[in-house]
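# With the input below, show me the fold.
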Amino acid sequence: MWRSLWRSIDRFSLQHFKYVINELRQIKVVDRHNRELVIDLLQSIVEIVTYGDRQDPMIFECFMENQVLAEFVRVLKIGRNSRIEAPLLQYLSIMIQNMDSEHAIYYCLSNDYINSIIEHEYEFDGGDLAPYYVSFLRAVSSKINRDTLCLLVKVHGDTVVSFPLYNEALKFACHGEKMIQTAVRALSLNIYNVSDDMVFQFITTPPVSTYFSDLVCRLKEQCFHLDTLLHSKEEKSTRERRNELILETDKILDDLYYLKDILSVGEYHLSRLISQNLFSLLVFPTLLPLLQLTQSDVSNISAVASLYIICRLLQVVGGKSMIDAVTGVILYPYMTLSVGDATEGDTVNGISNANSFLDHLNDMEKKVCSGPKSEGAENIKSNHLFGHLAEHISSNSQFISGPQNDDCIERGGVLAYAFADNNHSLLLASLFLLLILAESKDLDYLLASRIGLSRMQDIVTHDRSTSQVVDGSIFAKFMPQILNALLKILASQPPLSVLIQQHTGWFLRKLLISQGKRLNDLHFHLFNSSYEQSRERLWKELDGCWFDYIPDTFRNEWQSCKTALEESSQLKDPFFALELAVCQQHTDGDTATVSAWQRMVEAVKDFILHLQLKAVIFKGDLLEKSVLNMPTGPTADSGRSHASDISSASFGSDVSLGSGIPCRIAFSNAGIRDIYLIPVARGTTGKLLLTEKHPFRSQRGVVIAIAPLAGLCPKIDKDHPSWLHLRIREFDPRFNTSKAISNHLKMSNHVADGRWTIGFPNAKACEAARLLILEETCKQRSFVESLLTPLLQDDYIGNDDEEVRRDVEREVFWEPPPSDLVKVNVDTAWVSGKACYAAVTRNSQGRGSADSAERVIETCKYQRPSRRLVYYAALLQMGC
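Numbers count the residues shown, from 1 in each chain. All right, here's what the predicted structure looks like:
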């Protein structure tokens, strides 16, 4: 009965909506006393309107009839100093974002209510209003299209005179908060994608168009700041400097992607304005000093930073116009010599050189812009870019005069950095720039012919007359010198950091596969020296404290190395050039286990790199699978009378004491306890167990402590011969297999090594314990060596199933049959130009017997018929 008197209020009913509107209209002023009430009313209105837009059309009809948006504008005006702006803008953003009806959106953007809210005078100083305001602007921009855009602009005749949404948003373009910057850029892109010719005319006309020049200028300032960080003299660790560079390059990358998004809109006037500012304010001022065409200026960015910026620009922004323009400038020192445009002798004030360069630009403009692929708007863009470059040079550049000959060409331009002595970052960065250009699909075929490399076949197919140009391309002419410079880095003494060697290996593989050229004798000598260094470095780690982790590290790093070597130049991050400029070599004398771990990992990486490069040199391709085979069952038992459960014992396990050595150890809380020391090695696993004798079982004990056998370094105390000191690895490496990244470990540089001191009844027992630990460690190390030995053979270049051996001197190729069938050794004797063969077969017991080639073939066919096996046999029989 009483329940019927209290009917629940439907919050989303039309009646309740009218009630809330009336309550809001009765508010005459907003202050701190009624602020919360007003916020509740605004929230209710937004919730009901959002519901009505999807469920009840009558609610939105009421919303329009009562002009509720006008009430929002009124609340803004009467709510000064009440801090009502932030919640009002927040609720408006929510309402607009959740509107699905085109009718509702059209109404909200009409009647100039939104513009009134946008142009309201807000006080942004010292508050959190800016995020709400920009979020509101972004919400509005997400709902506009070509039909509703006209509702937000103010037009006089056929000209847009005001665009509050765009103008107010640009005021926050340089805001310090990243979220606000991102919102402004998203808003601007929304506008660019729906704008018509009138709006684009407004956007690309001063003073509004200064936004784009300011954007490029800020990008240029970030590049200078990057260069400042790169050459900072502050005493910081390599990791700190690297992190600073990463943060700065991320900012530059964000700006470049934003510029690319603007260019992707495809509007001619907007693209031309962006390209003009980009080339005049960033590209050419960076590119020309980099190529040493002009006199040096203290304001110039360093060569390493310049190369990084240009490479990133080509990768992210790209486009045929930019690729062709940058390539045309880079190729100037090499094209003038080939076409006979070089001036002889010295010039006066660089005038002749400047004119020659301008003539070169005119030639490039004619060749590039007249190509079959350069049509329409793209042709106009190229014409504009080359013309703007010529204007920039004639007004801002003073060319260096000098003779143009082969020596100058080799040491000039971008190759001046490729042949720079003892500057590995410059060498690799300059080669990377050439690779990006050479492999770009947008590069004009005439310009591509000057560079050469991967597109040579396409160039010759396109135009047979360019074959002479291909022969005189940069890579074709200077490939021996380039390979020699790269191999010198690998063979440096002392060996350089693995970081440098990995990137050098990437370049070597790319050039060898692209050019298809073999190494000469000098190159082979350099590579063999480098390979021997990497092998000795890995052997040395077998005596280190992390030798037991070498097989696991080898398998874990294999795919990472292969993936890094196969990375495309368009996807490879040129950050490596900056990283190499600040990287420091680790101190070999550091004996901490964390540093020793890092040295071991780097030694494994280095050897895998050389193993893969060796496969590229001899086979022409990388090895696919990890060549390290680990046994699946328990092997390499220590041979002592330990129970089978000792090698897998964990803390608290009940194990056999066996031949454990009794000793004593002091614990801070439990005093001195009698324990047994048991070192055990099985396969790659080695442990030192400290067990306490079981109270009821005399031959059993409970494991109370475990330490890795590797790295113990047992030493007897000089003053107390019955004390044995052990070093314990406290750092526990954990491999992250979810991501194929080189830095795959979660590690800390502040992990200190543990120390154990164990007491024995007498010096003899202490010495016996030391020898037992060393013996078990030696057995563990021997097993690891047995796994690595096949990989470290001089003639090893892959698994037997994949192996293709090549006699480089005689150019004789042969393939052995599968390793699980029969081993065939073929001795080739050259007599009167004919080859004679002698075959030796070995059975599973290793016994050998000489037989004829035909008999070997029949045996192979009988044991295991397969197409590949018959192929091996046919090669042997025919003498191929």
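
# Quick check: pLDDT value at Ser232.
Ser232 carries a pLDDT value of 87.

# likewise the one 5 residues further on?
Residue-level confidence at Ser237 comes out at 82, pLDDT.

# Could you measure from it over to Ala577?
Ser237 is 20 Å from Ala577, where distance means Cβ to Cβ, to the nearest Å. In this view, the C-beta of every residue, glycine as well, is placed from N, C-alpha and C.

# helix/strand/coil for the most centrally placed residue in the chain?
Centroid-nearest residue in the chain: Asp573, 5.0 Å away (criterion: Cα atoms, centre = their mean). Three-state assignment for Asp573 (DSSP: H, G, I helix; E, B strand; the rest coil): coil.

# chain center to the strand or helix carrying Cys108, what's the gap?
Using DSSP states H and E, Cys108 sits in helix 102-109. Relative to its chain's centre, helix 102-109 lies at 45 Å (Cα atoms, centre = their mean, to the nearest Å).

# one step back: next one: the residue nearest to the centre of the chain relative to Arg729, how far apart?
In terms of Cβ to Cβ, Asp573 sits 34 Å off from Arg729.

# Can you give me the neighbour number for Lys70?
To be clear, residue 70 is Ala; Lys isn't right here. For Ala70, the neighbour count with other Cβ atoms under 10 Å is 12.

# So which elements touch the helix or strand following the helix holding Cys108?
Counting by DSSP H and E, the element after helix 102-109 in chain order, helix or strand, is helix 113-118. Packing partners of helix 113-118 (3 or more Cβ pairs under 8 Å, 6 or more residues apart in numbering; DSSP states H and E): helix 68-78, helix 129-141, helix 164-170.

# let's see it at 10 Å
helix 68-78, helix 85-97, helix 102-109, helix 129-141, helix 164-170 (3 or more Cβ pairs under 10 Å, 6 or more residues apart in numbering; DSSP states H and E).

# wait, which of the ones you listed is closest to Met600?
For the helices and strands packed on helix 113-118, proximity to Met600 was assessed by Cβ to Cβ; helix 129-141 is nearest, at 49.0 Å.

# That closest one to helix 85-97, inter-axis angle?
20 degrees (axes from the mean of the first three to the mean of the last three Cα atoms, to 10 degrees).

# pLDDT on the helix or strand just after helix 129-141, on average?
The first helix or strand that comes after helix 129-141 along the chain, using DSSP H and E, is strand 154-156. Strand 154-156 shows a mean pLDDT of 92 in the predicted model.

# Sheet partners, orientation included, of strand 154-156?
Strand 154-156 pairs in its sheet with strand 159-162 (antiparallel), by DSSP bridges.

# I'd like the mean pLDDT over the strand it pairs with, please.
The pLDDT scores in strand 159-162 average 93.

# ok, and what's touching it?
With Cβ atoms under 10 Å, 6 or more residues apart in numbering as the test, strand 159-162 has contacts from 115, 119, 150, 152-156, 166, 195-203, 205, 208.

# contacting residues around the residue nearest to the centre of the chain?
Thr249, Leu253, Tyr308, Cys311, Arg312, Gln315, Glu567, Glu579.

# returning to what we had before: looking at Ser237 and Ala577, which has the bigger crowd around it?
Taking other Cβ under 10 Å, Ser237 and Ala577 do not tie; Ala577 has more neighbours (25 against 10).

# okay, the more buried one: pLDDT?
In this model, Ala577 is scored at 91, pLDDT.

# Could you shift the numbering so residue one becomes 214, and keep it that way?
Okay, residue one is now 214; in that scheme the one you just asked about reads as Ala790.

# Is it correct that it is in contact with Leu641?
Yes. Counting by Cβ atoms under 10 Å, Leu641 is a contact partner of Ala790 at 6.3 Å.
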